[in-house]
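> sequence? don't have it. structure:
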């Protein structure tokens with residue numbers, strides 16, 4: 001039987017802290033989960049060690065994005081297609097996904113690429129997340145909704161698929177992509193290339209719009225009007241989301 005250790009993230013006082021440090025760098029390959037711990041960040045490593053990082057959770061996540069080359073505006077452009085406001089930190093197959101919205105004090109960020117399974121315990125009234133670590137399986141108990149958890153995870157998977165499809169499409173357009181099997185995949189058809197190009201153009205337009213809207217809001221205290229958006233679309237060359245639909249993605 002596979003050994004499985006349990007960490008109750010709904011009651012952090014029950015978790016034995018193994019170390020407190022400043023120099024630990026959480027990565028997609030060495031971390032299972034992160035959450036706020038007082039004014040610091042609690043990290044569960046792939047070895048099953050609970051480490052306290054001496055910085056706030058949002059600071060830790062911001063540094064994580066920067067160190068992994070993940071632009072939040074570009075990510076928001078992908079999420080505008082997934083129609084989900086709760087955003088994970090995604091780099092293709094690597095996915096750091098929240099259990100709640102970022103403002104929820106109970107939010108736990110977990111590595112979905114290490115996810116084994118999840119379920120809801122009626123007896124414990126807790127969501128059970130099982131992650132694959134280096135020393136076996138680790139169970140996280142989280143105070144979260146089963147349906148919301150699944151919805152956020154599905155959106156993260158959709159964004160990951162969009163990212164990977166966009167990269168594959170770019171490789172096709174540049175003549176780099178080669179199928180080792182010698183077969184022509186479904187994604188090699190003219191129609192799928194045109195669809196992929198349309199998605200790429202919309203993501204690019206939404207990315208530029210996100211950056212422009214944030215700068216406009218910071219400078220003038222309001223979002224640009226519809227006429228400005230039309231002019232911006234004309235400059236970009238592609239149409240992004242209508243402004244009224246895009247406002248909820250601008251924070």
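Thanks, I have the structure now. The model shown is predicted, which means the values in this text are computed figures rather than measured ones.
> now the most centrally placed residue in the chain: how far from residue 140?
The centroid of the chain falls nearest to residue 88 when counting by C-alpha atoms, centre = their mean (2.0 Å). With distances taken as C-beta to C-beta, to the nearest Å, residue 88 is found 16 Å from residue 140. Glycine gets a C-beta too; all of them are placed from N, C-alpha and C.
> contacts only, for the spatially closest residue to residue 14 that is not a sequence neighbour.
Nearest residue to residue 14, sequence neighbours excluded (C-beta to C-beta, 6 or more residues apart in numbering): residue 8, at 4.7 Å. Residue 8 makes contacts with 14, 15, 126, 141, as judged by C-beta atoms under 8 Å, 6 or more residues apart in numbering.
> which of the residues in stretch 131-143 are buried?
Buried positions in stretch 131-143, judged by neighbour count with 16 or more other C-beta atoms under 10 Å: 131, 132, 133, 137, 138, 140, 141, 142, 143.
> nearest to residue 156, of those?
Closest approach to residue 156 among the buried residues of stretch 131-143 (C-beta to C-beta): residue 131, at 15.0 Å.
> just the buried residues of stretch 131-143 now: which is nearest residue 4?
Checking the buried residues of stretch 131-143 one by one against residue 4 (C-beta to C-beta), the nearest turns out to be residue 137, at 4.3 Å.
> now do that closest one, the pLDDT please.
At residue 137, the model reports a pLDDT of 95.
> where along the protein do the helices fall?
57-67, 72-82, 146-173, 190-220, 226-236, 243-246 (DSSP state H).
> which among the contacts of residue 8 count as buried?
Buried positions within the contacts of residue 8, assessed by neighbour count (16+ other C-beta under 10 Å), are 15, 126, 141.
> so the second one sits against residue 139, correct?
No. The pair formed by residue 126 and residue 139 falls short of the contact definition of C-beta atoms under 8 Å, at 10.1 Å.
> how about residue 134, what does it touch?
Per C-beta under 8 Å, 6+ apart, neighbours of residue 134: 46, 47, 48.
> count residues in the vicinity of the last one, would you?
Okay, so that is residue 48. Residues lying near residue 48 (other C-beta atoms under 10 Å) number 18.
> now for residue 56, how many residues are close by?
By other C-beta under 10 Å, 15 other residues sit near residue 56.
> any idea how far it lies from residue 63?
Taking C-beta to C-beta as the measure, residue 56 falls 10 Å from residue 63.
> domains of the protein?
Domain assignment for the chain by automatic domain parsing gives 4-157, 178-249.
> pick out the shakiest of those, pLDDT-wise.
Lowest mean pLDDT within the domains of the chain: domain 178-249, a mean of 70.
> ok so, going back, go through the domains of the chain and name the closest to residue 165.
Residue 165 lies closest to domain 178-249 among the domains of the chain, at 6.1 Å (C-beta to C-beta).
> give me the distance between the closest residue in space to residue 12 that isn't next to it in sequence and residue 173.
Closest residue to residue 12 apart from its sequence neighbours, by C-beta to C-beta, 6+ apart: residue 37 at 5.9 Å. For residue 37, the distance to residue 173 equals 46 Å [C-beta to C-beta].
> and the two? which has more neighbours close in?
More crowded of residue 37 and residue 173, by other C-beta under 10 Å: residue 37, with 18 against 13.
> surely that one touches residue 13?
No. Between residue 37 and residue 13 there is no contact under C-beta under 8 Å: 10.1 Å.
> quick check: the residue nearest to residue 14 vs residue 167, distance?
In terms of C-beta to C-beta, residue 8 sits 38 Å off from residue 167.
> one more: residue 16?
Distance, residue 16 to residue 167, by C-beta to C-beta: 41 Å.
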